[in-house]
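can you look at this prediction? I've put the sequence above it.
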Amino acid sequence: MKDQLVKAMALDGRVRFYIDRTTDLVQEAMDRFDLPNGSGDALGRVLSIASIMGSMLKSEQEMLTINILGTGPLGSIVVDAYPNGNVRGFVANPKLAPEDVHLPVSELIGLPGTLIVTKDLQMEDNWSGTVELQNGEIGQDFAYYFTLSEQTPTAVSVGVKIDENGVVQAAGALVLQMMPDATDAEISMCEHVLSGLKPMTELIEHYDDSSLDLLAEDLFEDTVVLENNPIAFKCTCSKEKTAGLLRTVSQGHLKEMIEEDHGADVTCNFCNETYHFSEDELKEILAETEKNLAETEELESHVAEDSPNPAA
Ligand SMILES: [Zn+2]
């Protein structure tokens, strides 16, 4: 099976659930940042849930950012998610000290901590929800977030299994939400299904030769699969966008890069891709910023001349 995300419903539409397989995209994150297993596990769990949250967004222009700020050695975890289920993200301090290598994810993240979700819904202000981390193992923290911040009773199961060589064996997540009109009997039905659920990585491994649709159909008698889409670790950066960033750097700093370093390497936080800019390319960017500055100054002087003088 390739990485994919399934949306489904059951109990006559009064429960909605999402399952994703993220084995390959967690591996890509680990390879891009050369992550040790503990960091890969923590980031992988957040990526797996983020992909599902991205797919819950309503329009193609929306996106969301997850920030997990703990007090453990990892520092923070930042993940962006998009409506097509694609994700990108990083760990602030991914390299682990020898004594931290075998710590569980909850201690790598470190309590107390917060989980912040910021949604760019293409409105004037972004929407943001913050909750305290519950146990730092990610699944329960997100279940608490959904229930408290989004007022939707939610169960979350997530897992990442990595072997001793740093190869991701299985990764994925399940997010199950009760609709407001669910009856008590349906809620206890869901609790029954969840209590019998195997760990997420075991499920992903078990169904890896078939499909996630089958896993979804095995959860409830009346499961209806709504969608099944491919997902990936995908960054939105490019050399062009990075050049745009360089145009916002101070001219003095640009001159330093040209005269002292004779070029610049700019690395994207979110995917670790490095873009090289030659001395000539930097000179071009500097010339553009000088031109923009001159135009802005000219515009400002016009505005000043045109301003009515209140004393006159
Ligand atoms: Zn990038």
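Good, I have the coordinates.

in the stretch 151-300 of the chain, which spans are helices?
184-195, 200-207, 212-219, 239-246, 251-256, 279-306 (DSSP state H, counting those that start in this stretch).

can you say which of those helices is nearest to the ion?
helix 239-246 (8.8 Å; C-beta to the ion). Every C-beta, even on glycine, is put in place using the N, C-alpha and C of the backbone.

CA atoms only for that closest one, dumped as CSV, please.
Taking C-alpha atoms only, helix 239-246 is exported to CSV below (Å, rounded to 0.1, in the frame of the first residue of the first chain):
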residue,chain,number,x,y,z
LYS,A,239,14.1,28.8,-5.4
GLU,A,240,11.9,31.6,-6.6
LYS,A,241,10.2,32.0,-3.2
THR,A,242,13.6,31.9,-1.5
ALA,A,243,14.8,34.7,-3.7
GLY,A,244,11.7,36.6,-2.6
LEU,A,245,12.8,36.2,1.0
LEU,A,246,16.3,37.4,0.1
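
and it, does that touch the ion?
No. Counting by C-beta under 5 Å from the ion, the ion has no neighbours in helix 239-246; the shortest distance is 8.8 Å.

name the residues that touch that helix?
254, 264, 266, 268, 275, 277, 281-282, 285 (C-beta atoms under 8 Å, 6 or more residues apart in numbering).

try 10 Å this time
Contacts with helix 239-246, where a contact means C-beta atoms under 10 Å, 6 or more residues apart in numbering, come from 237-238, 253-254, 257, 264, 266-268, 273-277, 281-282, 284-286, 288-289.

so what strands line up beside the longest strand anywhere in the chain?
The strand spanning the most residues in the chain, taking DSSP state E as the definition, is strand 168-178. Strand 168-178 has the following sheet partners, assigned by DSSP bridges: strand 15-21 (antiparallel), strand 154-162 (antiparallel).

would you mind finding the most buried of the ones you listed?
strand 15-21 (a mean of 25; mean count of other C-beta atoms under 10 Å).

hmm, N272 and R32 touching each other?
Yes. Contact criterion C-beta atoms under 10 Å: R32 and N272 qualify, at 4.7 Å.

returning to that earlier point: include mean pLDDT and distance to the ion when you put the strands paired with strand 168-178 into CSV, please.
Listed next are the strands paired with strand 168-178 as CSV, based on pLDDT from 0 to 100; distance: least, C-beta to the ion, whole Å:
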stretch, mean pLDDT, distance to the ion
strand 15-21, 98, 21
strand 154-162, 97, 22
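
do you know which of these lies nearest P73?
Closest approach to P73 among these is made by strand 154-162 (17.6 Å; C-beta to C-beta).

contacting residues around S128?
64-65, 67, 116-119, 149 are the contacts of S128 under C-beta under 10 Å, 6+ apart.

correction: the previous question concerned A143.
Contacts of A143 (C-beta under 10 Å, 6+ apart): 49, 134, 153-158, 175-177.

how about the residues of the protein by the ion?
So far as C-beta under 5 Å from the ion goes, the chain lies against the ion at 235, 237, 268, 270-271, 273.

how does it look with 8 Å?
88, 235-237, 268-273 (C-beta under 8 Å from the ion).

in strands, which of the residues you listed appear?
R88.
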